[in-house]
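Enquirer: just need the structure, nothing else, for what follows:
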Amino acid sequence: MHFVPILEQRSANPQPKNCFKPPRCPKRDRTCPASALRKSQIKRIFSKNEEQKARNKLLTQPETYMKKILQFLAVFGLLTAANNSQASLVYGTASGATSGGHSVDAQATLTFGTGTLTILLQNLQSGEISSGQAISGVILQGITGTLTLVSAYGDTVDVSGSTVTPLGTDVSLSHWGILGSSEVSTLTGGKPSELVVGPSPNGNGGFDNFNPYVNGTATLTLSNINFTANSSISGLSFVFGTPDATNNGVLKTTAVPEPSTVFAGALLLLPLGMSAIGVLRKKRTT
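Expert: Numbers count the residues shown, from 1 in each chain. Have a look, this model is predicted:
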């Protein structure tokens, strides 16, 4: 007698032995346990997705903020470069600076070019009562090579008390020159004059001893073969007032960079910011 084996019929895609297949529920039967199980599984899946999205958002926030900051710096830098073909540095007196017990407020804008440096020297202190508040020079720090004064121009005035009498416009200032290796000054010899005076002076009895003054702004052009459009200095000092017979009475006060100068240095942080973005990306993918 021969027995024919009965082959077990298997599905094309058999389920794993440990696979749980919840039973089907009758239609519209909301009390079925299997239906509640499906809802809890779906809820867990959505919860995990939302949690992952939140994590990704937290990880990408620092990178997003850094990108925005760098984009702002880059755009502002490009706009600044478009408006200024040469490098400019702005220095001013520190807050609360005084000369002979009187307030002083000065600003110097330096514009470098190929072999040249133009200094816009401004006295912003109003109501000056002493010649010790007038600017008589600037000292440039970190300059290499020989410095030569090419030209000096400004509007000249006589000051007597609070009376300001115009003398000339865009006058060549003959008293200005180079002292030592790095000082540009009007105290080059003889009776001092052509100091830069601020707006609305109210000079004391000796103020008019140093007429004529430069009214508000002097433009100084210097030459040096080492200068380029990207040149800089390490610091700047303003010189106020005039010396006496023993060369006393000249105040030299260190200037501080203005915000526009500080921002130029901030642009140098762009490569560092790009490196920070790379680090953040690496941390997010690990």
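Enquirer: what's around residue 53, how many residues?
Expert: The local packing count at residue 53 equals 10, with neighbours defined by other Cβ atoms under 10 Å. Yep, even glycine has a C-beta here, placed from its N, CA and C like the rest.
Enquirer: hang on, residue 90 packs against residue 106?
Expert: No. Counting by Cβ atoms under 8 Å, residue 90 sits too far from residue 106 to count as a contact (11.4 Å).
Enquirer: more neighbours, those two?
Expert: The neighbour comparison of residue 90 against residue 106 (other Cβ under 10 Å) goes to residue 106, with 25 against 20.
Enquirer: for the more buried one, give me the pLDDT.
Expert: Per-residue confidence for residue 106 comes out at a pLDDT of 95.
Enquirer: swap in residue 54?
Expert: On pLDDT, residue 54 comes in at 64.
Enquirer: so residue 192 is in contact with residue 134, correct?
Expert: No. With contact defined as Cβ under 8 Å, residue 192 and residue 134 do not form a contacting pair (9.4 Å).
Enquirer: now do the shared contacts for these two.
Expert: Overlap between the contact sets of residue 192 and residue 134, as judged by Cβ atoms under 8 Å, 6 or more residues apart in numbering, is given by residue 210.
Enquirer: so the two - more neighbours on which side?
Expert: Looking at residue 192 and residue 134 with other Cβ under 10 Å, you find the greater number of neighbours at residue 134, namely 29 against 20.
Enquirer: contacting residues for that one?
Expert: Contact analysis of residue 134 by Cβ under 8 Å, 6+ apart lists 123, 128, 195-198, 210, 213, 240-241.
Enquirer: could you do residue 238 as well?
Expert: Under the criterion of Cβ under 8 Å, 6+ apart, the contact partners of residue 238 comprise 93, 104, 106, 108, 135, 137-139, 252-253, 255.
Enquirer: returning to what we had before: among the contacts of residue 134, name the ones in strands.
Expert: 123, 196-197, 213, 240 (DSSP state E).
Enquirer: between those, which is nearest residue 150?
Expert: Comparing the ones in strands among the contacts of residue 134 against residue 150 with Cβ to Cβ places residue 196 closest, at 18.4 Å.
Enquirer: how close does the nearest residue to that closest one once chain neighbours are set aside get to residue 151?
Expert: If you skip the residues right next to it in sequence, residue 196 has residue 135 as its closest partner in space, 4.1 Å away by Cβ to Cβ, 6 or more residues apart in numbering. According to Cβ to Cβ, to the nearest Å, residue 135 and residue 151 sit 18 Å apart.
Enquirer: looking at those two, which is more packed in?
Expert: Of the pair residue 135 and residue 151, residue 135 is the one with more neighbours under other Cβ under 10 Å, namely 28 against 13.
Enquirer: the more buried one reaches residue 252, doesn't it?
Expert: No. With contact defined as Cβ under 8 Å, residue 135 does not reach residue 252; the gap is 11.3 Å.
Enquirer: look at residue 142 and report its pLDDT.
Expert: Per-residue confidence (pLDDT) for residue 142: 94.
Enquirer: I should have written residue 7 there, sorry.
Expert: In this model, residue 7 carries a pLDDT of 48.
Enquirer: run through the stretch 1-150 of the chain and note the low-pLDDT ranges.
Expert: Counting by pLDDT under 70, the stretch 1-150 of the chain shows low-confidence ranges at 1-49, 51, 54-87.
Enquirer: now do 50
Expert: Counting by pLDDT under 50, the low-confidence segments of the stretch 1-150 of the chain come to 6-8, 19-20, 80-85.
Enquirer: pipe the ones in strands among the contacts of residue 134 into JSON lines and attach distance to residue 177 per row.
Expert: Written out in JSON lines, the entries for these read as follows (distance: Cβ to Cβ, whole Å):
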{"residue": "123", "distance to residue 177": "19"}
{"residue": "196", "distance to residue 177": "15"}
{"residue": "197", "distance to residue 177": "19"}
{"residue": "213", "distance to residue 177": "17"}
{"residue": "240", "distance to residue 177": "18"}
